[in-house]
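>>> Attaching a predicted model along with its sequence, questions to come.
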Amino acid sequence: LKMQVIPDVKGSTLVDFATKYIEAGSTIASDKYSSYKVLAKEGFQHEAHKYDLKENPDHLRWLHTIISNAKVFIGGTYHGLDSKHLQAYLDEFCYRFNRREVKSELFNRLVHCCLSATTITYPELVG
């Protein structure tokens, strides 16, 4: 899972994200929002379907589950957030999501992160 704060949902912005994080030739499933059309021109297989919960309840089910979980994680853990730190919150959520099945390495990963992280001062945090 990779999430990124983006300035808009224009086709060029979506292509920039996709080419950076998604392997070329991958299939991208989406709704029929017009900005997604350019993905097919950039080397991705694009499957666009009208989002209709009654006719196709599984379409984009994981996407909706992940977004719902991210909202609960941020709201429940941090009780809201400032947009200045939104990418950091999303990065933490993705890190936890991507490693949810590998619990045996939890302690070693935590120690590694603690040792390799740079210190953030209070003025840097709030400034």
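Perfect, I can see it now.
>>> Now do the end-to-end distance for stretch 29-42.
From its first residue to its last, stretch 29-42 covers 15 Å (CA to CA, to the nearest Å).
>>> neighbouring contacts of that stretch?
For stretch 29-42, contacts defined as CB atoms under 8 Å, 6 or more residues apart in numbering pick out 9-15, 18-19, 28, 46-51, 59-60. C-betas here are computed from N, CA, C, even on glycine.
>>> Stretch 49-62 too?
With CB under 8 Å, 6+ apart as the test, stretch 49-62 has contacts from 29-32.
>>> Give the rounded mean pLDDT of that stretch.
Taken as a whole, stretch 49-62 has a mean pLDDT of 87.
>>> can you pull the alpha-carbon coordinates of that stretch into CSV?
Included here for stretch 49-62 are C-alpha records, laid out as CSV according to Å, rounded to 0.1, in the frame of the first residue of the first chain:
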residue,chain,number,x,y,z
HIS,A,49,-16.2,0.3,-14.1
LYS,A,50,-19.1,2.4,-13.0
TYR,A,51,-19.2,2.2,-9.2
ASP,A,52,-22.5,0.7,-8.3
LEU,A,53,-22.6,-1.0,-4.8
LYS,A,54,-25.8,-2.9,-5.6
GLU,A,55,-24.7,-4.3,-9.0
ASN,A,56,-21.0,-5.0,-8.1
PRO,A,57,-20.4,-4.9,-4.3
ASP,A,58,-16.8,-6.1,-4.6
HIS,A,59,-15.7,-3.4,-7.0
LEU,A,60,-13.1,-1.3,-5.2
ARG,A,61,-14.0,-3.1,-1.9
TRP,A,62,-10.4,-3.1,-0.7
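>>> hang on, Glu47 in a strand?
Yes: counting by DSSP: H, G, I helix; E, B strand; the rest coil, Glu47 falls inside a strand.
>>> Any idea how many residues pack against the residue lying closest to it once chain neighbours are set aside?
Excluding its sequence neighbours, the residue lying closest to Glu47 (CB to CB, 6 or more residues apart in numbering) is Ala29, at 4.8 Å. A count of neighbours around Ala29, defined by other CB atoms under 10 Å, yields 14.
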